[in-house]
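K.L.:
Just a sequence and a predicted model for now, questions to come.
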Amino acid sequence: MNIENEYINRLLTEFIGLQKENEWIEFKRNKAEHNQIGEYISALSNSASLCGKDKGYLIWGIDDKSKEIVGTSFKPSVYKIGQEELENWLSNRIQPRIDFKIIDTTFKKFHIVVFEIPRAIHQPVSFIGIEYIRCGSYKRKLQDFPEKERALWKIFDKEPYEKQITIKNISKDEVLKYIDYPTYFDLTNQPLPENSNGILGKLKSENLINEKEGGYYDITCLGGILFAKDIDQIDALRRKAIRVIVYNGKNRVKTIREQIGKYGYAIGFEGAINFINNLLPQNEIIEKALRKSERMYPEIAIRELLANALIHQDFTINGTGPIVEIFDDRIEFTNPGTPLIDTLRFIDEPPQSRNESLASFMRRINICEERGSGIDKVISEVEFYQLPAPEFIVTEQNTKVILFAYKKVCQMDKKEKIRACYQHAVLKYVSNEQMTNTSLRERFSIKSNNYPMASRIIAETIKANLIKPHDPDNTSKKHSKYVPFWA
């Protein structure tokens, strides 16, 4: 028996054993009229979402009331509407298009036909412009049941990427082939269960997999993106692997090396960090905090910015994923998607993520910092290393963070000085302090007798409307303190 037949046999056995009717399965004997089939596809897809099921099923060859296996004379492969085949006719009239599957098989020596119908995901599924739903065992127009319609849209609004499915209908052995479960237990400090049922139970409790009817499993996007042994083997995740590119010089004309990650983020994160760090130049400038033995960029900053690029990306943007690009004078972290908060508030605001389950799990296994402290640590380390202030850039579909190599303050342009002054003021503010001329001089390593330079930078940052005096009534420049514009 092939895998598909085995799957369907187990599925039908389970459905026949159900004690009561439900809204995501419909049994029929022989009646098969194309318009009704289209309406049922709409109704069962929408009802599967309401019932928390991955699929709905329209089945011929089983009696609806007795659940007796009777077989069917319906043959969808030869059913035509005019000259058009049934499957194509239905596909052209269902919106949005869903990948329903027609399975023509034999079950206990009886001819059975199964329509396997994916649940509605982002909007209700309609047939010829009308949306349907199941109410008990009856098919009805969705518009006639506003409470069900509201509930359905509420589900769509709450459906996060992590709960979506990346691999469907696989056996327990296949789950263990795709998922690096030993690493999961190691990272979460749990003992490895003695058998596969214990392993699968834990993975299921973490929403890394779903258990299906018929004894089969789905791997969720959360499970795949975190613990895939080989992301390249999963079509839906292939372009989401971490990509690191090293260039010769300060532009993208000549590539020295390119590496695309193989593992899920939880498995491959430390390897990616080590790979990036080993490619970074050593800092040869000896200052208060810059020693020859130190890399050019602080590892805490590299870790946090890579984690942010993974966590905050918009997975719905196809064909692209997180990219780290290393140049002679900077390192850029780019992820698909625009941030949910203003870049000027990255330091003080708790982060908002589209992928909260992913973010929570990565914090739990210490891949990134606790909520709200990550960018603070990046800026703090940048100041300790006396590097130029990071730049946060938002384009139409991407967010980019740039770490710059060491520069003396006299080598920085006006924008770099203003950006550093603002970030320093925010860092002081979130530490319950205020920026002063003295603290800014320390940040830039400006000598005390050159305080007018710090004063000019402060004045330019005030003019840019990024900081303001802490006490507007204080006329003493010597003792003035400054806070961010929003404080």
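P.N.:
That came through, no problem.

K.L.:
Show me where the protein dips below the pLDDT cut-off.
P.N.:
Scanning the chain for pLDDT under 70 picks out the ranges 1-4, 19-21, 158-159, 282-294, 369-373, 476-478.

K.L.:
and the longest strand for it?
P.N.:
Using DSSP state E to define each element, the chain has its longest strand at strand 110-118.

K.L.:
which helices and strands sit right next to that strand?
P.N.:
Secondary-structure packing of strand 110-118 (3 or more Cβ pairs under 8 Å, 6 or more residues apart in numbering; DSSP states H and E): helix 3-16, helix 34-50, strand 55-60, strand 101-107. To be clear about C-beta, it is placed using only N, CA and C from the backbone, and glycine gets the same treatment.

K.L.:
Put together TSV for the ones you listed, with distance to residue 244 on each row.
P.N.:
Formatted as TSV, those follow (distance: least, Cβ to Cβ, whole Å):
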stretch	distance to residue 244
helix 3-16	37
helix 34-50	39
strand 55-60	38
strand 101-107	39
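
K.L.:
Looking at the ones you listed, which is nearest to residue 77?
P.N.:
strand 101-107 (6.4 Å; Cβ to Cβ).

K.L.:
which residues touch the closest one?
P.N.:
Contact with strand 101-107 is made by 4-5, 8-9, 12, 61, 69, 75-77, 87, 111-116, as judged by Cβ atoms under 8 Å, 6 or more residues apart in numbering.

K.L.:
I'd like to know which of these are buried.
P.N.:
Neighbour-count burial (16 or more other Cβ atoms under 10 Å) is assigned, among the contacts of strand 101-107, to 8, 9, 12, 61, 76, 111, 112, 113, 114, 115, 116.

K.L.:
Can you tell me which of these is nearest residue 451?
P.N.:
For the buried ones among the contacts of strand 101-107, the residue nearest residue 451 by Cβ to Cβ is residue 116; the value is 73.9 Å.

K.L.:
Against residue 114, how distant is the closest residue in space to the closest one that isn't next to it in sequence?
P.N.:
Nearest residue to residue 116, sequence neighbours excluded (Cβ to Cβ, 6 or more residues apart in numbering): residue 101, at 4.4 Å. Distance of residue 101 to residue 114, computed by Cβ to Cβ, to the nearest Å: 8 Å.

K.L.:
Please apply the same query to residue 305.
P.N.:
49 Å.

K.L.:
so residue 238 makes contact with residue 232?
P.N.:
Yes: counting by Cβ atoms under 8 Å, residue 232 is a contact partner of residue 238 at 5.6 Å.

K.L.:
now stretch 214-234, how far from the chain's geometric center?
P.N.:
Between the centre of stretch 214-234 and the centre of its chain there are 14 Å (Cα atoms, centre = their mean, to the nearest Å).

K.L.:
Can you report how many residues lie near the residue nearest to residue 116?
P.N.:
By the criterion of other Cβ atoms under 10 Å, residue 101 has 13 neighbours.

K.L.:
again with residue 259
P.N.:
16.

K.L.:
which SS state does the nearest residue to it once chain neighbours are set aside fall under?
P.N.:
Leaving aside its chain neighbours, residue 259 sits nearest to residue 244 (4.7 Å; criterion: Cβ to Cβ, 6+ apart). Residue 244 falls in the strand class when you classify it by DSSP: H, G, I helix; E, B strand; the rest coil.

K.L.:
Do I have it right that residue 244 meets residue 324?
P.N.:
Yes: using Cβ under 8 Å, residue 244 is in contact with residue 324, at 4.7 Å.

K.L.:
So for those two, which sits in the more crowded spot?
P.N.:
residue 324 (23 against 20).

K.L.:
What segments of the stretch 51-200 of the chain are strands?
P.N.:
Secondary structure of the stretch 51-200 of the chain (DSSP state E, counting those that start in this stretch): strands located at 55-60, 80-81, 84-85, 94-95, 101-107, 110-118, 126-127, 130-135, 138-141, 165-170.

K.L.:
Identify, out of these, the most deeply packed stretch.
P.N.:
Neighbour counts (mean count of other Cβ atoms under 10 Å) averaged over each of the strands of the stretch 51-200 of the chain peak at strand 55-60, with a mean of 24.

K.L.:
Return the distance of that one from the chain's centre.
P.N.:
The answer for strand 55-60 is 31 Å, by Cα atoms, centre = their mean.

K.L.:
Tell me the strands beside that strand, with direction?
P.N.:
As defined by DSSP bridges, the strand partners of strand 55-60 come to strand 25-28 (parallel), strand 110-118 (antiparallel).

K.L.:
Can I get that strand as CSV, trimmed to CA atoms?
P.N.:
Only the C-alpha atoms of strand 55-60 are listed here, as CSV (Å, rounded to 0.1, in the frame of the first residue of the first chain):
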residue,chain,number,x,y,z
LYS,A,55,-8.6,20.7,6.5
GLY,A,56,-12.3,19.9,5.7
TYR,A,57,-13.4,16.7,3.9
LEU,A,58,-16.1,16.0,1.4
ILE,A,59,-16.4,12.2,1.1
TRP,A,60,-18.4,10.0,-1.3
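
K.L.:
residues making contact with that strand?
P.N.:
The list of residues contacting strand 55-60 from outside it, by Cβ under 8 Å, 6+ apart, reads 11-12, 15, 24-30, 32, 37, 40-41, 43-45, 47-48, 72, 74, 112-119.
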